[in-house]
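*Asks:* need a structure here:
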Amino acid sequence: MNTILHLNKKMKFKHKLFYIGVFLCFMASHIFVTNNYSFYERPIAKVIEMNVEDQTEVIDAFGNKDLLFTQHIIAELKNGEQKGSRIHLVNEYSSSKAYDYEFHVGNEIFVTIDVINQDDTDLTGNFVEVKRDKYLMFVAWMFIFILLLVGKKQGLFSIFSLIINAVILSYALDLYLIKPDRSLLLICSIGIILFTVLSLLLVNGFNEKTYSAIVATLIGTFVSLAIAYLVLWETSGKGLRFEELQFITRPYKTIFMAGLFIGSLGAVMDVAITMSSTIFGLYEKNNKISVKALVKSGMEVGKDIMGTMTNILFFAYISGSIPLLILYFKNASPLGFTLNVNLSLELARALAGGIGIALTIPIGLYTTIFFVSRKRARS
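*Replies:* So this is what the prediction gives:
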């Protein structure tokens with residue numbers, strides 16, 4: 001009994017040390033991001049005074065009204081040779097803020113320096129963009145804290161998995177950019193295998209449940225890609241508007257397929273691990289459960305998650321087009337033309353992902369039952 005209590009105290013102490021370490025990392029990153037001006041080559045200025053000098057109402061050809069404002073900004077340079085000097089900026093913004101920004105005292109912005117006044121203390125220049133690393137850091141840490149609080153050890157491994165996958169994806173894209181004659185689909189295929197294996201092994205460990213999910217994910221993803229490729233090849237991509245990809249100096253249809261390939265992976269992986277966890281959970285509670293009962297229960301779970309996962313894909317892809325949809329509708333564009341121009345690629349991605357989800361349910365079910373049968377035969 002004393003040994004168990006000692007182990008529990010030791011584990012609690014380790015947990016406290018871990019969370020203290022995480023908090024110290026958060027504070028260190030906060031201090032760094034709020035004082036990292038010298039690490040930027042571009043001039044950064046912090047707004048210390050702001051006045052609105054002019055206000056104008058404008059109306060476009062369709063009767064849309066907007067207000068245009070002119071701000072006079074005085075900011076202090078935080079890096080470079082003129083560090084500490086004041087810079088005068090003029091910023092124009094609209095009440096809709098579609099393509100511009102309204103600045104307030106305390107905002108940090110990237111600027112360009114134009115003219116040095118005679119007193120060599122005040123400068124003039126232009127606004128380039130907002131310095132956002134502080135906000136990105138807070139959002140990233142909020143994401144990390146939630147993962148750690150909910151997932152604990154698995155949450156930590158999820159963070160590692162995300163970082164590793166980002167590094168792999170960056171390296172894969174560099175391989176294609178350095179040598180464009182390489183097959184992008186082949187590079188993405190290798191990347192997807194690495195994403196799947198590393199993500200599931202890190203989060204769920206080395207066990208048969210994980211192996212089943214890996215096999216089901218890879219089969220479901222590659223089969224859905226093959227179906228999408230055959231459909232596009234048979235229809236020659238008719239009905240798909242590739243205008244937003246044609247500015248790329250590479251084969252845009254291949255890039256679209258690669259994006260479709262990677263985009264459907266997350267949903268397919270989620271379905272595969274859900275099916276695997278469900279079937280193995282039923283088996284571990286009742287080692288004598290029949291295969292027929294596992295199939296029935298697994299299909300019920302699959303039907304329940306199929307609709308929600310398909311909707312998640314649909315909303316994830318469509319949400320990025322909402323600003324353009326509003327812009328087209330606001331300018332009296334026809335409904336059919338607006339949807340065709342802005343949603344054809346997103347709907348194709350959602351449909352391809354939906355096919356992958358639907359196929360992964362039976363694939364994941366029978367793959368998991370195969371691993372369960374192997375485990376039962378060994379016991």
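*Asks:* What residues of stretch 178-194 count as buried?
*Replies:* Buried residues in stretch 178-194, counting neighbours by 16 or more other CB atoms under 10 Å, are found at L184, I187, C188, S189, G191, I192, L194. Where you see a C-beta, it was placed from the backbone N, CA and C, and this is true even at glycine.
*Asks:* ah, wrong one, I meant stretch 79-86
*Replies:* Residues of stretch 79-86 classed as buried: N79, G80, Q82, S85, R86 (neighbour count, 16+ other CB under 10 Å).
*Asks:* Kindly report the same for stretch 342-360.
*Replies:* So stretch 342-360, judged by 16+ other CB under 10 Å, has buried residues 342-360.
*Asks:* ok, back up a step: what's the closest of the buried residues of stretch 178-194 to S158?
*Replies:* Comparing these against S158 with CB to CB places L194 closest, at 16.2 Å.
*Asks:* Just give the closest residue to that closest one, not the sequence neighbours.
*Replies:* In space, and not counting its chain neighbours, L194 is closest to I168: 5.4 Å by CB to CB, 6 or more residues apart in numbering.
*Asks:* what separates the host helix or strand of the one you found from the chain centre, distance-wise?
*Replies:* Assigned by DSSP states H and E, I168 belongs to helix 153-178. Distance, stretch centre to chain centre, for helix 153-178: 12 Å (CA atoms, centre = their mean, to the nearest Å).
*Asks:* After it, which helix or strand is next? Please name it.
*Replies:* For helix 153-178, the following helix or strand on the C-terminal side (DSSP H and E) is helix 184-204.
*Asks:* For that following helix, enumerate the helices and strands it packs against.
*Replies:* helix 153-178, helix 208-235, helix 252-285 (3 or more CB pairs under 8 Å, 6 or more residues apart in numbering; DSSP states H and E).
*Asks:* Contacts for it next, please.
*Replies:* Residues outside helix 184-204 that contact it (CB atoms under 8 Å, 6 or more residues apart in numbering): 154, 157-158, 160-161, 164-165, 168-169, 172, 175-176, 210, 213-214, 217-218, 221-222, 250, 254-255, 257-258, 261-262, 265, 269, 273.
*Asks:* Now that helix: average pLDDT?
*Replies:* Mean pLDDT, helix 184-204: 88.
*Asks:* okay, the angle between it and helix 208-235?
*Replies:* 160 degrees (axes from the mean of the first three to the mean of the last three CA atoms, to 10 degrees).
*Asks:* From G239, how far out is N342?
*Replies:* Using CB to CB, to the nearest Å, N342 is found at 14 Å from G239.
*Asks:* Ok, P362 next?
*Replies:* Distance from P362 to G239, by CB to CB: 29 Å.
*Asks:* The two: who's more crowded?
*Replies:* Legend: neighbour count by other CB atoms under 10 Å for P362 and G239, higher for P362 (16 against 10).
*Asks:* which sections of the chain are below the confidence cut-off?
*Replies:* 1-13, 61-62, 98-99, 115-122, 244, 246 (pLDDT under 70).
*Asks:* helices or strands up against the longest helix that the chain contains?
*Replies:* Secondary structure of the chain per DSSP state H: the longest helix is helix 335-378. Packing partners of helix 335-378 (3+ CB pairs under 8 Å, 6+ apart): helix 208-235, helix 252-285, helix 291-319, helix 322-330.
*Asks:* Pipe these into TSV and attach distance to I20 and mean neighbour count per row.
*Replies:* Shown next, in TSV, are those (distance: least, CB to CB, whole Å; neighbours: other CB atoms under 10 Å):
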stretch	distance to I20	mean neighbour count
helix 208-235	31	20
helix 252-285	32	20
helix 291-319	36	15
helix 322-330	42	13
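*Asks:* These: which one's closest to R42?
*Replies:* That would be, of these and by CB to CB, helix 322-330, which comes in at 27.2 Å.
*Asks:* so what does the closest one touch, helix or strand wise?
*Replies:* Helix 322-330 sits against helix 335-378, with contacts defined as 3+ CB pairs under 8 Å, 6+ apart.
*Asks:* so how far is the helix it packs on from its chain's centroid?
*Replies:* 19 Å.
*Asks:* try stretch 146-159
*Replies:* Computed by CA atoms, centre = their mean, the chain-centroid distance of stretch 146-159 equals 17 Å.
*Asks:* Using PDB, write down the CA coordinates of that stretch.
*Replies:* C-alpha atoms of stretch 146-159 as PDB (Å, rounded to 0.1, in the frame of the first residue of the first chain):
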ATOM      1  CA  ILE A 146      -6.400  22.500 -24.800                       C
ATOM      2  CA  LEU A 147      -4.700  19.500 -26.300                       C
ATOM      3  CA  LEU A 148      -2.700  18.800 -23.100                       C
ATOM      4  CA  LEU A 149      -5.700  19.300 -20.800                       C
ATOM      5  CA  VAL A 150      -7.900  17.000 -22.800                       C
ATOM      6  CA  GLY A 151      -5.500  14.500 -24.200                       C
ATOM      7  CA  LYS A 152      -2.700  14.700 -21.600                       C
ATOM      8  CA  LYS A 153       0.000  12.200 -22.900                       C
ATOM      9  CA  GLN A 154      -1.800  11.600 -26.200                       C
ATOM     10  CA  GLY A 155      -2.200  15.400 -26.600                       C
ATOM     11  CA  LEU A 156       1.500  15.800 -26.200                       C
ATOM     12  CA  PHE A 157       2.100  13.200 -28.800                       C
ATOM     13  CA  SER A 158      -0.500  14.800 -31.100                       C
ATOM     14  CA  ILE A 159       1.600  18.000 -30.900                       C
END
